[in-house]
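Enquirer: from the sequence below, what's the structure:
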Amino acid sequence: MVLAAGAGNAGCGPVTDTMFTVFIVDDDARVINALSRLMRVHGYDAQSYTSPREFLANHDATVPGCAVLDVAMPGLNGLELQQALTAEGAQRPIIFITGKGDIPTSVRAMKAGALDFLTKPVSNEELLEAIARAEERDAESRQIHAGLAAIRAKMATLTPREREVLSHVVAGRLNKQIAYDLGTVEKTVKFHRGAMMRKLGVRTVADLVRLAQKAGIS
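Expert: Sure thing, here's the model as predicted:
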């Protein structure tokens, strides 16, 4: 079995009100049953898959959660599954559990972004602590993603001329320089600049620059 005897009630439950899902992928039914019971006892939702390809076919990246993966599985191993998730753009925190761990494999997994690499037998406490860290990372990642989505939504409200003015302001150009570059008058630039900053909800150029940097505009 994966789990070793050990205390599992060390305050390692969910840190948010939203149900956090632990996606368990292992070709050993006994491991899946043990992990699923442990997760549900501690207030987590548990979804289990005996096949990595089945998991990928049903994976919904919008669901808050982490993946607990075995390394050695037939067809598609844990590291290959990790690569597939990355290729999809999924920011899912990953915890590896393996009975055949070695340093090169663990280093490869961690370099690819894995949160933890645990060797069987794993104590309840050790696994629950890893799950709690995964929940924190997932929440932080989703908060950042939501912030970027809000910025992009604001950017989408700008007219083509306002976006031009934005790029010039971020580049440090003065209104009269922008007017010259765009072939218009300074008064018109001021109008577009004011409208642009109101739509983006910023008051200063410094705030505008920071917002533009988050949106990938340099």
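Enquirer: can you list the domain ranges for the protein.
Expert: Following automatic domain parsing, one gets these domains for the chain: 3-143, 157-214.
Enquirer: state the mean pLDDT of the longest one.
Expert: Domain 3-143 comes out with an average pLDDT of 87.
Enquirer: and of the domains of the chain, who's closest to residue 150?
Expert: domain 157-214 (9.6 Å; Cβ to Cβ). C-betas here are computed from N, CA, C, even on glycine.
Enquirer: what's the span of that closest one from first residue to last?
Expert: Terminal residues of domain 157-214 are spaced 17 Å apart (Cα to Cα, to the nearest Å).
Enquirer: quick revisit: distance to residue 150 and mean neighbour count for the domains of the chain - can I get that in TSV?
Expert: Output for the domains of the chain, formatted as TSV (distance: least, Cβ to Cβ, whole Å; neighbours: other Cβ atoms under 10 Å):
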stretch	distance to residue 150	mean neighbour count
domain 3-143	11	17
domain 157-214	10	16
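Enquirer: can you redo these as a markdown table with distance to residue 151?
Expert: Formatted as a markdown table, those follow (distance: least, Cβ to Cβ, whole Å):
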| stretch | distance to residue 151 |
| --- | --- |
| domain 3-143 | 13 |
| domain 157-214 | 6 |
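Enquirer: and the strands in this structure?
Expert: Shown for the chain, the strands assigned by DSSP state E span residues 3-4, 21-25, 45-49, 65-70, 94-98, 116-119, 122-123.
Enquirer: I'd say residue 53 and residue 75 touch.
Expert: Yes. Contact status for residue 53 versus residue 75: in contact at 6.3 Å, counting by Cβ atoms under 8 Å.
Enquirer: once you drop chain neighbours, what's closest to the residue nearest the centre of the chain?
Expert: The chain has residue 91 as the residue nearest its centroid, 3.4 Å off, counting by Cα atoms, centre = their mean. Leaving out its chain neighbours, the residue that sits closest to residue 91 by Cβ to Cβ, 6 or more residues apart in numbering is residue 141, at 4.8 Å.
Enquirer: kindly report the same for residue 200.
Expert: Excluding the flanking residues, the one nearest residue 200 by Cβ to Cβ, 6+ apart is residue 154, at 5.2 Å.
Enquirer: swap in residue 47?
Expert: In space, residue 47 is closest to residue 23, 5.2 Å off (Cβ to Cβ, 6+ apart).
Enquirer: ok, the residue of the chain positioned farthest from its centre - contacts?
Expert: Farthest-out residue of the chain from its mean C-alpha position, per Cα atoms, centre = their mean: residue 185, at 44.5 Å. Neighbour list for residue 185: residue 179 [criterion: Cβ atoms under 8 Å, 6 or more residues apart in numbering].
Enquirer: can I get the CA coordinates of stretch 82-89 in PDB?
Expert: Presented in PDB, the C-alpha positions along stretch 82-89 are these (Å, rounded to 0.1, in the frame of the first residue of the first chain):
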ATOM      1  CA  GLN A  82       2.900  15.800 -16.300                       C
ATOM      2  CA  GLN A  83       4.300  16.900 -19.700                       C
ATOM      3  CA  ALA A  84       0.900  16.400 -21.300                       C
ATOM      4  CA  LEU A  85      -0.800  18.600 -18.700                       C
ATOM      5  CA  THR A  86       1.900  21.300 -19.200                       C
ATOM      6  CA  ALA A  87       1.400  21.100 -23.000                       C
ATOM      7  CA  GLU A  88      -2.300  21.800 -22.400                       C
ATOM      8  CA  GLY A  89      -1.400  24.900 -20.400                       C
END
